[in-house]
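Chemist: Provided below for reference: sequence and predicted model.
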Amino acid sequence: MPDLGLLRGAITIVTLLTFGGICWWAYRPENRERFEDDGLLAFGEDEARRMEQVQRDKASGSARRIFHDAPSDSDKRSSEDSTEESPS
């Protein structure tokens, strides 16, 4: 029967190698674009396009502010409310 310490050591080494393999796979440059795209899924198409533009601007050093270009949802709702309340 193998020594309990030897068994624990083997399990530790297998666990460490598995963790290292997962880290290597996650941080490979080939996976970067895929993971960035997957991270933007929760934002929907409009937000995803804005986030991509922000990332491109950051990469190019541009100081342009993307989020001031488009009105927010609350601005759209308040403008719709004001048009409904105005007399014809």
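Modeler: Ah, there it is. Numbering: from 1, shown residues only.
Chemist: from here on, contacts and neighbour counts on C-alpha atoms
Modeler: OK.
Chemist: Poorly predicted segments of this structure, please.
Modeler: Flagging of the chain using pLDDT under 70 yields the residue ranges 1-2, 45, 47-48, 61-88.
Chemist: any idea how it splits into domains?
Modeler: Under automatic domain parsing, the residue ranges defining each domain of the chain are 1-39, 44-88.
Chemist: Just the helices from the protein, written as ranges.
Modeler: Assigned by DSSP state H, the helices in the chain fall at 4-26, 32-39, 44-60, 73-85.
Chemist: Could you dump these into CSV with mean neighbour count added?
Modeler: Formatted as CSV, these follow (neighbours: other CA atoms under 10 Å):
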stretch, mean neighbour count
helix 4-26, 11
helix 32-39, 11
helix 44-60, 13
helix 73-85, 10
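Chemist: Tell me the spatial nearest neighbour of residue 31, not counting adjacent residues.
Modeler: Leaving aside its chain neighbours, residue 31 sits nearest to residue 25 (7.8 Å; criterion: CA to CA, 6 or more residues apart in numbering).
Chemist: ditto for residue 51
Modeler: Nearest non-adjacent residue to residue 51 (CA to CA, 6+ apart): residue 40, at 7.8 Å.
Chemist: what's the spacing between the one you found and residue 46?
Modeler: Per CA to CA, to the nearest Å, residue 40 is found 10 Å from residue 46.
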